[in-house]
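Asks: Next comes the sequence, and after it the predicted model I'd like to discuss.
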Amino acid sequence: MVQVRSRRGCTGCATGRQLNVACIFFERIEMLSLCNCTSPALQLLELGFFPCAPVNPSLAVDLNMLEFVNELFVNAAPNTTAWCETLEAFLGNRRYKLTTRNSLRRRFGSAMQWYATLIDKKTLLVNNYLDNMRTLINVSGISCLLLNKVS
Ligand SMILES: [Zn+2]
């Protein structure tokens, strides 16, 4: 696998350790080198990837793919194993192979689980905020109506 991206920030220092991350796209795998002196997870998110682990991830998935799979699993029975085996075969036919067996399923599954959890959490926070604002508007709207009738 050829390294085609590199981090704009620290590329290596005395306090950090070099981290090689396999970044999974629909049609290719890119290797990315990061220094772990700053959060690798945040560096990966900034580049459009979601890591398989918060500390020292070895694999990250393109956010577009995670969004696609998240939507797919809403409309079809969730099957991470089938998705990963298909993806691994598809990438393998294009000469992209991960070095360890079954590693995609476990690490992709972890990235998928935490991505979906964060998306659900975000949706819940936004919905709660909107509900609170609607309640405030309704309460203040009623107050305005009452004040207009009084005056
Ligand atoms: Zn560093």
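Replies: Perfect, I can see it now.
Asks: what about E30, neighbour count?
Replies: 18 (other CB atoms under 10 Å). In this view, the C-beta of every residue, glycine as well, is placed from N, C-alpha and C.
Asks: who's it bridged to?
Replies: E30 has these beta-bridge partners by DSSP bridges: C23.
Asks: Hmm, C23 and it touching each other?
Replies: Yes. E30 is within contact range of C23, at 4.6 Å (criterion: CB atoms under 8 Å).
Asks: What is the neighbour count of I29?
Replies: Burial measure for I29: 18 neighbouring residues, criterion other CB under 10 Å.
Asks: Got the confidence number for it?
Replies: Looking at I29, its pLDDT reads 94.
Asks: Now do the contacts for it.
Replies: Shown in contact with I29 (CB atoms under 8 Å, 6 or more residues apart in numbering): M1, A22, C23, L91, Y96, L98.
Asks: before we move on, what about L42?
Replies: Not one residue lies near L42 by CB under 8 Å, 6+ apart.
Asks: And it, how close does it get to the ion?
Replies: According to CB to the ion, to the nearest Å, L42 and the ion sit 13 Å apart.
Asks: as a whole number, average confidence for the helix or strand harbouring that residue?
Replies: Assigned by DSSP states H and E, L42 falls within helix 40-46. Mean pLDDT, computed over helix 40-46, is 93.
Asks: Now the element after it, going C-ward?
Replies: For helix 40-46, the succeeding helix or strand toward the C-terminus, using DSSP H and E, is strand 49-51.
Asks: show me what contacts the spatially most central residue of the chain?
Replies: Centroid-nearest residue in the chain: F50, 3.5 Å away (criterion: CA atoms, centre = their mean). By CB under 8 Å, 6+ apart, F50 lies in contact with L44, A60, V61, L63, L66, A111, W114, Y115.
Asks: filter the contacts of I29 by proximity to the ion?
Replies: Here nothing survives when the contacts of I29 are matched to the ion using CB under 5 Å from the ion.
Asks: just curious, which of those is nearest to the ion?
Replies: Using CB to the ion, C23 is the member of those that sits closest to the ion, with 19.1 Å.
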